[in-house]
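Trainee: 3D model of this:
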Amino acid sequence: MRVMVVEDDEDLRFSVAVELGAAGLDVVEARDLATADAVLRQGGLACVVFDRMLPDGDALDYVQRRRQAGWSTPVLFLTARDAVADRVAGFAAGGDDYLVKPFSVAEMAARVMILCRRPDGRPSVLRHADLEVDCARRAVRRGGVLLTLSDKEFAVLEYLAMRPDQVVSRTDLIEHCWDAEADPMSNVVDVVVKRLRRKLGQPELIHTVRGRGYRLGAYGPVS
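Mentor: Presented below is the predicted three-dimensional model:
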């Protein structure tokens, strides 16, 4: 897998690149946003490690603009800013992970490997009909309108959106969206799905497949 390290400190960039290379990754190096942008436009990257403050600007602002344009490559921010507000801002701008300097390069490499191994190569934004599920920002829009979902509602919708037009059983939803203490015979799934349907509005996207489970689809239920 090919990753890019964007860092203006030459020694740190070298250390990060060596560690990622030792993990089996193909590493591209850049010292500023202009160089990084040229590489990104070629595509083919599994992850990008951005130092926040670069000679030609704040990487957070750059990533936010690219996310708004539909770019979905995973991003790990490196920064000396350790305030909670800074970390929140990093995630809000579209970062997938945030590591404060000084840090362990071994831990950094482990985090990058996790970002590179997204299940089935799924993008951070899932789209189905006029529904948009932004997995990185945990935001959902229907017809361009931002919806407010609980953590459990988001988890169920994300799981269904990763399997559009496939029937997903209640057991699968319990196993993947609830903890081990959840009772598989309870009606917790039905309650959450009912709330989701109400919030998603019409036309209905989540369909009940009698005796089998639920399916996210733009059309009616299947037998």
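Trainee: Just list what the lowest-mean-pLDDT helix or strand in the chain packs against, helices and strands only.
Mentor: Here the helix or strand of the chain ranked lowest by mean pLDDT, DSSP states H and E is strand 125-128, holding a mean of 80. Using 3 or more Cβ pairs under 8 Å, 6 or more residues apart in numbering; DSSP states H and E as the contact criterion, the neighbours of strand 125-128 among helices and strands are strand 131-134, helix 151-161. All C-beta atoms are positioned from the backbone trio N, CA, C, and that covers glycine.
Trainee: Buried residues in that strand, which are they?
Mentor: Burial within strand 125-128, assessed by neighbour count using 16 or more other Cβ atoms under 10 Å, is assigned to 125-126.
Trainee: Contacts for it next, please.
Mentor: Contacts of strand 125-128 from elsewhere in the structure, counted by Cβ atoms under 8 Å, 6 or more residues apart in numbering, are 70, 72, 132-136, 158, 161-162, 164, 205, 216-218.
Trainee: before we move on, what about stretch 17-26?
Mentor: With contacts defined as Cβ under 8 Å, 6+ apart, stretch 17-26 is touched by 1-3, 5, 27, 29, 46, 49, 105-106, 108-109, 112-113, 116.
Trainee: so where's this structure uncertain?
Mentor: Scanning the chain for pLDDT under 70 picks out the ranges 118-124, 136, 179-186, 218-223.
Trainee: As a check, name the ranges of all helices in it.
Mentor: Counting by DSSP state H, one finds helices in the chain at the ranges 10-22, 33-40, 59-68, 84-92, 105-116, 151-161, 170-177, 188-200.
Trainee: With distance to residue 142 and mean neighbour count as new columns, can those helices be given to me in a markdown table?
Mentor: Supplementary listing: those in a markdown table, determined by distance: least, Cβ to Cβ, whole Å; neighbours: other Cβ atoms under 10 Å:
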| stretch | distance to residue 142 | mean neighbour count |
| --- | --- | --- |
| helix 10-22 | 38 | 16 |
| helix 33-40 | 30 | 17 |
| helix 59-68 | 18 | 18 |
| helix 84-92 | 21 | 14 |
| helix 105-116 | 28 | 17 |
| helix 151-161 | 10 | 19 |
| helix 170-177 | 20 | 17 |
| helix 188-200 | 6 | 17 |
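Trainee: Fine by me, we can end here.
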